[in-house]
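> just coords:
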């Protein structure tokens, strides 16, 4: 039987993963054994060879043929990653969070099934709220366009629709004028005497 073709990594049993990592895996009968993730394809290929020696695979199925014994293969392979208590605790925490999220999804699906009128009311509420927000946004845009147009008319020497005692004029003038600063509160300093 001809040897299996090697993947894009150039080594048998090694796959390139996102973010530049490489994973090694080997088949033993119908079972696929994951050997871990490695920083380089060479390290992953060495780990594959150690597993191949342990499973007593023929040397033709190994990546490096310069190794003649299982002890040599283990000596040149990268050391296995140690799984510490912190890793176990992190894994258990993630599993609990996943179970909580799955239970929450099941409860929401059951609630939707039992109370379709609440689902309809909720959708109507969000549609109405979205419509109100879009209308407000459009009104603000219209007011801003009107204010900018009025400022352009006044700057060009024309007449504004606002009278001098209209407080909207002061707001428009302060919002669009270039000769004001944040400290300017409208006092001209004449009352300091």
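Thanks, I have it. For clarity, every value in this text was computed on a predicted model and none was experimentally measured.

> strands of this protein, residue ranges please.
14-16, 22-28, 31-38 (DSSP state E).

> present those as TSV; the columns should include distance to residue 112, mean pLDDT and mean neighbour count.
Using the backbone N, CA and C atoms, a C-beta is placed for each residue, glycine as well. Formatted as TSV, those follow (distance: least, Cβ to Cβ, whole Å; pLDDT from 0 to 100; neighbours: other Cβ atoms under 10 Å):
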stretch	distance to residue 112	mean pLDDT	mean neighbour count
strand 14-16	40	88	19
strand 22-28	39	85	18
strand 31-38	38	81	14
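
> adding distance to residue 105, write those out as a markdown table.
Below are the strands of the chain laid out as a markdown table (distance: least, Cβ to Cβ, whole Å):
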| stretch | distance to residue 105 |
| --- | --- |
| strand 14-16 | 32 |
| strand 22-28 | 30 |
| strand 31-38 | 28 |
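
> and this structure, what are its domain boundaries?
As assigned by automatic domain parsing, the chain contains the domains 14-76, 96-141, 142-181.

> shaky segments in the chain?
1-8, 78-84, 153-193 (pLDDT under 70).

> tell me where the longest helix sits in it.
helix 116-155 (DSSP state H).

> out of the domains of the chain, deepest packed?
Per residue and on average, the most neighbours among the domains of the chain fall to domain 14-76, with a mean of 15 (mean count of other Cβ atoms under 10 Å).

> end to end, how far does it reach?
17 Å (Cα to Cα, to the nearest Å).

> please renumber so the chain begins at 55
Okay, using 55 as the starting number, the last item reads as domain 68-130.

> residue contacts, residue 79?
Shown in contact with residue 79 (Cβ atoms under 8 Å, 6 or more residues apart in numbering): 67, 69, 86-89, 102.

> would you list those residues in JSON lines and tack on distance to residue 158?
Output for the contacts of residue 79, formatted as JSON lines (distance: Cβ to Cβ, whole Å):
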{"residue": "67", "distance to residue 158": "39"}
{"residue": "69", "distance to residue 158": "34"}
{"residue": "86", "distance to residue 158": "33"}
{"residue": "87", "distance to residue 158": "34"}
{"residue": "88", "distance to residue 158": "30"}
{"residue": "89", "distance to residue 158": "35"}
{"residue": "102", "distance to residue 158": "41"}
